[in-house]
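# Generate a structure from the sequence data that follows.
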Amino acid sequence: MRLEDLLTQRNFLFFSGLMALFSLACAFTAQYFFDIAPCVLCLYERYIYGGILLCGIVAAINFYPQLVYKLSGVILVGGIALAIYHMGVERHWWQGTAACHGIAAKAKSIEELRTLLYAKPMGRCDQASWSILGISATYINLLWFVGFLGLWEVVRRKNK
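Next up is the predicted model:
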């Protein structure tokens with residue numbers, strides 16, 4: 001069997017779904033076992049991974065595979081846009097939202113303030129929580145989304 005024979009829409013959706021599951025497992029492991037607090041943009045990027053995972057699950061049951069394949073492309077483009085925005089905030093090219101700086105929640109009473117002060121703080125979008133060889137999770141997300149959109153395009157062209 002040739003590699004070219006494996007480049008089907010269903011195989012792409014299944015493979016990208018598995019990789020999204022692995023990525024989410026890594027993110028949750030970093031958060032809950034290594035105490036790395038995600039920022040609000042990191043949490044939004046998890047929704048992108050969740051969407052890709054859902055597309056993979058739907059492809060596994062063979063439910064509207066062409067529609068799901070097109071939807072996965074749209075989700076990947078959205079992931080790229082979000083990752084570029086997150087990278088720009090992290091590199092201080094532009095300012096993030098109020099939630100990026102930890103000031104989204106405002107207490108309306110002393111009890112709410114006390115609860116907010118004792119709650120675990122959310123990570124800041126403009127500071128990398130961790131990096132490997134100088135590459136932060138933001139860049140890894142961008143590479144993931146771009147790589148899978150490239151593979152999506154290869155599969156699309158093959159299956160015209």
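
# Apart from its neighbours in sequence, what residue is nearest C100?
Once flanking residues are discounted, C100 sits nearest to C125: 3.5 Å by CB to CB, 6 or more residues apart in numbering. (Each C-beta comes from the backbone N, C-alpha and C, glycine too.)

# Next up, the contacts around that neighbour.
Shown in contact with C125 (CB atoms under 8 Å, 6 or more residues apart in numbering): C39, V40, L41, C42, H86, V89, E90, G96, T97, C100, H101.

# Could you give the backbone dihedrals for the first one?
Meaning C39. phi -90, psi 180 (degrees, to the nearest 10).

# and it, how many neighbours?
By the criterion of other CB atoms under 10 Å, C39 has 26 neighbours.

# list the helices and strands the longest helix along the chain packs on?
Secondary structure of the chain per DSSP state H: the longest helix is helix 65-90. The criterion is 3 or more CB pairs under 8 Å, 6 or more residues apart in numbering; DSSP states H and E, and the helices and strands that helix 65-90 contacts are helix 9-32, helix 40-60, helix 137-158.
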